[in-house]
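Engineer: no FASTA, just this:
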């Protein structure tokens, strides 16, 4: 490769931001992120990353490729969360306990301080349980950290709604800056999340939403994580603390549910489940006097939110395709990196590493 390559990354969720940052910091590339929504914008149902819990708990379930992607991400995030580091404020290192009502093997024995819980340490009706050390991340803060780091290393952003990838192939990003002269593009990196379903030139009908609803509480006395995986379809209970003292309580996993606003009955159910799993959510002064109730949590509520996880029937799509413009037929590589469902943060760096490798391999062969 001679000279700097002009790379356009479509999408500014955690996957798009991480991938763009890794490419920009590699050197030899001028990377532009083009997206309709960015991290500092008001929260919206179209931008799932802002609503993420989140904690690093792999959903690879023994799949070697996905486990490596997740473990590579964990290594990077663990370094970012180190005391005194630039991104320390985005993370909180915690002790996590997980209970499984279906007795599953979570395949998390590679996590720090992993151990299997004894039967007498389980909550009622749980068949198995584990504990380990992990980290949580403050989604909105971390997204803005990624974006600011990307910009600090010379990256650019453009706000636009893209209907078809040919708009970028033929005109580049400058036509969305109001300039009439097209700008050449050497490669596309497509991280459109759920938008892959309708994006022209991709139109991946395997994409579907997995709706998640969460309740954000203010409970700075909780410094540990606790999760329960239920046998009931679409239900998942978790308590995820942030460094700020906020607690993300959830949640739901409703496939094919597009409803964009919180359902009051779901909020009530989440509060009931989370209090049952973690009575420590209630203020210490309340617990010192009596058994807490859901009413004790209502005054702690900061907001209730909904995100649509970008799931794909065949799983993560991470590959290179060659695309051509409709005008001159010029072909260029498009690296696809989407379909992460609820593991976008947990697999962000690992999938970005692969996406960068795919990009460089394609450019060498072009």
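Structural biologist: Everything's here; your move. Small disclaimer: the values here were computed from a predicted structure and weren't measured.

Engineer: surely residue 136 touches residue 238?
Structural biologist: No: the pair residue 136 / residue 238 is not scored as a contact, 10.4 Å apart, by CB atoms under 8 Å. In short, each C-beta sits where N, CA and C put it, glycine included.

Engineer: got any residues that touch both of the two?
Structural biologist: With contacts defined as CB atoms under 8 Å, 6 or more residues apart in numbering, the residues shared by residue 136 and residue 238 are 53, 55, 225.

Engineer: the first one: neighbour count?
Structural biologist: Under the neighbour criterion other CB atoms under 10 Å, residue 53 is assigned a count of 28.

Engineer: now do it against residue 160, distance only.
Structural biologist: 29 Å (CB to CB, to the nearest Å).

Engineer: ditto for residue 75
Structural biologist: 34 Å.

Engineer: and what of residue 4?
Structural biologist: From residue 4 across to residue 160, the span is 22 Å (CB to CB).

Engineer: comparing those two, which residue is more hemmed in?
Structural biologist: residue 160 (15 against 12).

Engineer: now the more buried one. Nearest residue, chain neighbours left out?
Structural biologist: Among residues not flanking residue 160 along the chain, residue 176 sits closest, at 3.8 Å (CB to CB, 6 or more residues apart in numbering).

Engineer: same question for residue 144.
Structural biologist: Nearest one to residue 144, counting by CB to CB, 6+ apart, is residue 39 at 4.6 Å.

Engineer: OK, contacts around that neighbour?
Structural biologist: Contacts of residue 39 by CB under 8 Å, 6+ apart are 12, 17, 49, 50, 140, 143, 144, 146, 147.

Engineer: for the residues you listed, which entry has the maximal number of neighbours?
Structural biologist: That'd be residue 17 among those, by other CB under 10 Å, with 30 neighbours.

Engineer: that one: helix or strand, and which one exactly?
Structural biologist: Per DSSP states H and E, residue 17 falls inside helix 14-26.

Engineer: please apply the same query to residue 304.
Structural biologist: Short version, using DSSP H and E: residue 304 is in strand 301-312.

Engineer: which elements pack onto the lowest-mean-pLDDT helix or strand in the chain?
Structural biologist: The least trusted helix or strand in the chain, going by mean pLDDT, DSSP states H and E, turns out to be helix 166-171, with a mean of 92. Counting contacts by 3 or more CB pairs under 8 Å, 6 or more residues apart in numbering; DSSP states H and E, helix 166-171 packs against strand 317-324.

Engineer: pull the distance from the strand it packs on to the chain's centre.
Structural biologist: 22 Å (CA atoms, centre = their mean, to the nearest Å).

Engineer: quick check: mean pLDDT across whatever helix or strand comes next after it?
Structural biologist: Next along the chain after strand 317-324, taking DSSP H and E as the criterion, comes strand 331-338. Here strand 331-338 scores 96 as its mean pLDDT.

Engineer: partner strands of strand 331-338 and their direction?
Structural biologist: Strand 331-338 has its sheet partners listed here by DSSP bridges as strand 187-190 (parallel), strand 317-324 (antiparallel).

Engineer: residues of that strand that come out buried?
Structural biologist: By neighbour count on 16 or more other CB atoms under 10 Å, the buried set for strand 331-338 is 332, 333, 334, 335, 336, 337, 338.
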